[in-house]
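*Asks:* Provided below are the primary sequence and the corresponding predicted coordinates.
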Amino acid sequence: MLLNCDLGESFGSWRMGLDEEVMPFLDQANVACGFHGGDPLTMERTLKLAAEHGVSVGAHPAYPDLVGFGRRSMALSADELRSTLLYQIAAIDGMAKTLGVDLQYVKPHGALYNDMMANSEVRNTVMQSVAAYAKPLTLMLQATTEAQSHRSEASSLNLPLYFEAFADRCYDDDGRLLSRRKPGAVHDRDRMLAQVEQLARQSTVTTVSGETLTLQVDSLCVHGDNAEGVNAIREIRQLLADD
């Protein structure tokens, strides 16, 4: 199981995450593209940091929502969403190329990610957009009980997928993430480490009501804006290495 983190989300004088401390422990870095966080200088620095540590790089596009950090849904048309995605992917890909870095995948951020998982029309637009990009890229989406259906959707577009789970988020009974508006949506350190160990050893998670779900997981996400996750990154890396 790979380890990924959402990075490069600082913007101007506003600072988010501990990118330099986290990067040495990662396999994959999801780099913000400027629409929910990140700016050109931050994008460049994050790409250089990933290259320094041999970490694979993915685009982390979002709805155009800097004020809300990309956590608010937006009613974009399919054409608007497609162009919004391609614009952000092209920006990070172009900067990566100038630095000798190969962009390998796309992981939508925040509300766009949640909408993609809940709404087949949004998901179809996201899949079509990534599949239509100028170079082959892999789409990262959440590992749920519907993974086989999602794999079939992507297969029709010749689009490879990464399925991810989350170290620091509580799961609903349907296999999706519990809304951040609900109590207990983000795990504390002990619950987070217990969930990582359970995923690594049993490929399961325990939901908010105590149900056990089996998930096929390629990559595990620790959120760069969750201090508990960032501070426990060494232990998470070790749990995955011990598996």
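*Replies:* Received, thanks. Residues are numbered from 1 along each chain as shown.

*Asks:* and residue 68, helix, strand or coil?
*Replies:* Secondary structure, DSSP: H, G, I helix; E, B strand; the rest coil: residue 68 is coil.

*Asks:* what about residue 211, distance to residue 173?
*Replies:* Separation of residue 211 from residue 173 (Cβ to Cβ, to the nearest Å): 5 Å. For glycine as for every other residue, the C-beta is placed from the backbone atoms N, C-alpha and C.

*Asks:* oh sorry, the question was meant for residue 104
*Replies:* Per Cβ to Cβ, residue 104 is found 33 Å from residue 173.

*Asks:* Show me which of the two is the more surrounded one.
*Replies:* Higher neighbour count among residue 104 and residue 173: residue 104, with 16 against 13, using other Cβ atoms under 10 Å.

*Asks:* Show me what secondary structure element comes after the helix or strand where the more buried one lies.
*Replies:* Assigned by DSSP states H and E, residue 104 falls within strand 103-106. The C-terminal neighbour of strand 103-106 among helices and strands, as given by DSSP H and E, is helix 110-118.

*Asks:* residues of that following helix that come out buried?
*Replies:* Neighbour counts over helix 110-118 (16 or more other Cβ atoms under 10 Å) mark 110-117 as buried.

*Asks:* And for it, what's in contact with it?
*Replies:* Helix 110-118 is contacted from outside by 36, 61-63, 65, 69-74, 107-108, 122-123, 126, 141-142, 144, 176-177, using Cβ atoms under 8 Å, 6 or more residues apart in numbering.

*Asks:* wait, doesn't residue 209 sit right on residue 173?
*Replies:* Yes. Using Cβ atoms under 8 Å, residue 209 is in contact with residue 173, at 5.6 Å.

*Asks:* Strands of the chain, residue ranges please.
*Replies:* 2-7, 28-32, 56-60, 103-106, 138-142, 161-166, 204-206, 212-214, 219-222 (DSSP state E).

*Asks:* can you list those strands in a markdown table and add mean pLDDT and distance to residue 91?
*Replies:* As requested, the strands of the chain are exported to a markdown table (pLDDT from 0 to 100; distance: least, Cβ to Cβ, whole Å):
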| stretch | mean pLDDT | distance to residue 91 |
| --- | --- | --- |
| strand 2-7 | 95 | 16 |
| strand 28-32 | 98 | 10 |
| strand 56-60 | 98 | 8 |
| strand 103-106 | 98 | 10 |
| strand 138-142 | 97 | 18 |
| strand 161-166 | 96 | 21 |
| strand 204-206 | 94 | 34 |
| strand 212-214 | 92 | 36 |
| strand 219-222 | 93 | 22 |
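
*Asks:* TSV please, covering these and showing distance to residue 49.
*Replies:* Below are the strands of the chain laid out as TSV (distance: least, Cβ to Cβ, whole Å):
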stretch	distance to residue 49
strand 2-7	8
strand 28-32	8
strand 56-60	10
strand 103-106	15
strand 138-142	20
strand 161-166	21
strand 204-206	30
strand 212-214	34
strand 219-222	16
